[in-house]
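Q: Sequence first, predicted model second:
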Protein chains: 2
Amino acid sequence: MDGVLYIGSRLVPGTSGVMAHLRTRRLRIGFCSNNSSKSRRDYVEKLAAMGIESEEKEIVNSAFATAMYLKENNRIPCRVYVIGGKGLLAELSAAGAEIADSGGPGVDFVVVGFDKDFTYNKLMEGFRALQNGAEFIATNRDATLPLEDGIHPGSGSMVAALETAIGRSPLVIGKPSPYSLLRLVEQLDGEPATTMMVGDRLETDILAGKEAGMMTTLVLTGVSTREMAESADASMRPDCIIESVASLPDVLA
Amino acid sequence: MDGVLYIGSRLVPGTSGVMAHLRTRRLRIGFCSNNSSKSRRDYVEKLAAMGIESEEKEIVNSAFATAMYLKENNRIPCRVYVIGGKGLLAELSAAGAEIADSGGPGVDFVVVGFDKDFTYNKLMEGFRALQNGAEFIATNRDATLPLEDGIHPGSGSMVAALETAIGRSPLVIGKPSPYSLLRLVEQLDGEPATTMMVGDRLETDILAGKEAGMMTTLVLTGVSTREMAESADASMRPDCIIESVASLPDVLA
């Protein structure tokens, strides 16, 4: 959503009008974010504060997708050591996972997401759990995260720290994996083939959209540029490029 | 030294006798460690506590080597943002570097070593300094570090976190770079060609020794095994393999 609907806490101009237009046309709308620091409830509130109505079932972020992954793969009940924020803890708990407070024996998964309270001690506890045989899951590997006051190191940094220590790679749930997009389409009773994925990053959004079998549109209000899109590998070349989400009705016409 | 002379705080059996033997033969002895958490003075004290006499000039660890690198390349005075422990701060300060307390403008280098007090905030400050144009230096990239109570995530973890966020790689001062070994030989008025490098890790110790133009001996009291040595790439295949440092007189005979 960041870079598409809003930048920091500022809506991209025209977004409210476009959303109202889509609702009027009774098109189903879903919101998919790689950010794992919020719960779905947090997103409903954040969007509402900017004047965009949504429901929890229209939202899948990488925190919720990770919780759903555990549930759908019959891995609940389980004990999870989490490097991540409150939103991730809330989604995992809501799905029935027990949150471990250390990396001692009996931890089934280490889940790593964005954690502004990341410490060496958390790294050590995650490392201990992985040494003891826990499975390694990353909500996403985004290297950076745009926040109100600028670009910050993202989940990918924390994932890389643990991956380097343990010498093995995590299962990644967020984009570019198509898992969260497919989950979202299912929640909305939609079909990938008749879904348009709108994103601002070729290597996560567009790649995931294509992997999920969707049509894809790149907006130029975020990370990737028209030049990047035009020279991109076929696996992440969008079907459409528009200046901003304000032009979305044109490509859906 | 860890894995060669001692394991944790326990001397490898026979080490004291061998060191005394080498001193009697008036062979020059140097100690080289990739660990950046201690100063050279700390190492003299640590070795003395285990009954091994040494002088500061016989020691080069990656903290001191990093300080020397800045000095020898005429980069002092400079401002350095440090992710690392007290030993690294002490060596950099002693070399004349000014320690910055944040990643704001005016930081010339970000130096990353082992830091048991690593936090997201330090990652963010290092990231800011690198965004502002600071140069990126790693004391070493060791993925793990053996401590008294087991294996811990090493400097390489913290380096990987920052490297992922900023998207560029650091200059690495410690082994496998030959820099610290060459610095040590110079301090002892020796010559690489008549120096025997004794280490326990093929991919750092032996590789660095060969790069420095030294003879190399692998001991089997640490990380690498005889099988690993025998199937290793030529760039890190040791000239000799001995069970432990206790057999060193045999290969120096």
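A: Looks like it came in fine. Numbering: from 1, shown residues only, chains lettered A, B, ... in the order given.
Q: hey, let's count contacts and neighbours off CA atoms from now on
A: OK.
Q: just the strands in chain A please.
A: Per DSSP state E, chain A carries strands over the ranges A:6-7, A:10-11, A:31-33, A:59-61, A:79-83, A:98-100, A:109-112, A:135-138, A:144-147, A:150-153, A:171-172, A:196-199, A:215-219, A:240-242.
Q: which other helices and strands contact the fourth one?
A: Same thing as strand A:59-61. Judged by 3 or more Cα pairs under 8 Å, 6 or more residues apart in numbering or on different chains; DSSP states H and E, strand A:59-61 is in contact with strand A:31-33, helix A:40-49, helix A:179-187.
Q: Report the spatially nearest residue to residue A:58, omitting neighbours in sequence.
A: residue A:30 (4.5 Å; Cα to Cα, 6 or more residues apart in numbering or on different chains).
Q: what's near enough to touch that neighbour?
A: Each residue near residue A:30 by Cα atoms under 8 Å, 6 or more residues apart in numbering or on different chains is listed here: A:58, A:59, A:60, A:184, A:185, A:188.
Q: rerun at 7 Å
A: Taking Cα atoms under 7 Å, 6 or more residues apart in numbering or on different chains, we find residue A:30 in contact with A:58, A:59, A:184.
Q: can you give me the helices in the stretch 51-200 of chain A?
A: With DSSP state H, counting those that start in this stretch, the ranges of helices along the stretch 51-200 of chain A come out as A:62-72, A:86-94, A:120-131, A:155-166, A:179-187.
Q: Of all those helices, which one is nearest chain B?
A: helix A:155-166 (4.1 Å; Cα to the nearest Cα).
Q: So which residues on the stretch 1-150 of chain A come close to chain B?
A: With the criterion set to Cα under 7 Å from any Cα of the partner chain, the stretch 1-150 of chain A comes near chain B through A:116, A:117, A:118, A:119, A:120, A:124, A:143, A:144.
Q: Could you export the helices of the stretch 51-200 of chain A as CSV, including mean pLDDT and mean neighbour count?
A: CSV is the format used below for those (pLDDT from 0 to 100; neighbours: other Cα atoms under 10 Å in any protein chain shown):
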stretch, mean pLDDT, mean neighbour count
helix A:62-72, 96, 23
helix A:86-94, 96, 21
helix A:120-131, 98, 22
helix A:155-166, 98, 26
helix A:179-187, 96, 21
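Q: Point to the residue nearest the middle of chain A.
A: In chain A, the centroid-proximal residue (Cα atoms, centre = their mean) is residue A:34; its distance is 1.7 Å.
Q: list the contacts for that one?
A: For residue A:34, the contact set (Cα under 7 Å, 6+ apart) comprises A:61, A:62, A:140, A:174, A:175.
Q: how about a cut-off of 10 Å?
A: The neighbours of residue A:34, taking Cα atoms under 10 Å, 6 or more residues apart in numbering or on different chains as the test, are A:1-2, A:60-63, A:65, A:113-114, A:139-142, A:145, A:155, A:173-176, A:180, A:204-205.
Q: Report the beta-bridge partner residues of residue A:151.
A: Beta-bridge partners recorded for residue A:151 (DSSP bridges): residue A:146.
Q: pretty sure it is touching residue B:127, no?
A: Yes - counting by Cα atoms under 10 Å, residue A:151 touches residue B:127, with 9.3 Å between them.
Q: any shared contact partners between the two?
A: residue B:165.
Q: What average pLDDT does stretch A:227-236 get?
A: Here stretch A:227-236 scores 96 as its mean pLDDT.
Q: Would you indicate which residues of it are buried?
A: For stretch A:227-236, the buried set under the neighbour-count rule, 16 or more other Cα atoms under 10 Å in any protein chain shown, comprises A:229, A:236.
Q: cool, and stretch A:166-181?
A: Buried residues in stretch A:166-181 (16+ other Cα under 10 Å): A:166, A:170, A:172, A:173, A:174, A:175, A:176, A:177, A:178, A:179, A:180, A:181.
Q: show me the contacts for the nearest residue to residue A:184 once chain neighbours are set aside.
A: Distances taken as Cα to Cα, 6+ apart place residue A:60 nearest to residue A:184, at 6.0 Å, with adjacent residues excluded. Shown in contact with residue A:60 (Cα under 10 Å, 6+ apart): A:30-36, A:39-40, A:43, A:66, A:68, A:174, A:180-185, A:187.
Q: Over to residue A:71?
A: Applying Cα under 10 Å, 6+ apart, the residues near residue A:71 are A:65, A:77, A:78, A:92, A:95, A:96, A:97.
Q: try residue A:83
A: Here residue A:83 is in contact with A:89, A:110-119, A:122-123, A:125-126, A:138, A:155, A:158-159 (Cα under 10 Å, 6+ apart).
Q: ok, it to chain B distance?
A: Between residue A:83 and chain B the distance is 12 Å, computed by Cα to the nearest Cα, to the nearest Å.
Q: again, but for residue A:61
A: From residue A:61 to chain B the distance is 21 Å (Cα to the nearest Cα).
Q: got a list of what that residue touches?
A: A:1, A:31-40, A:43, A:87-88, A:139-140, A:173-175, A:180-181, A:184.
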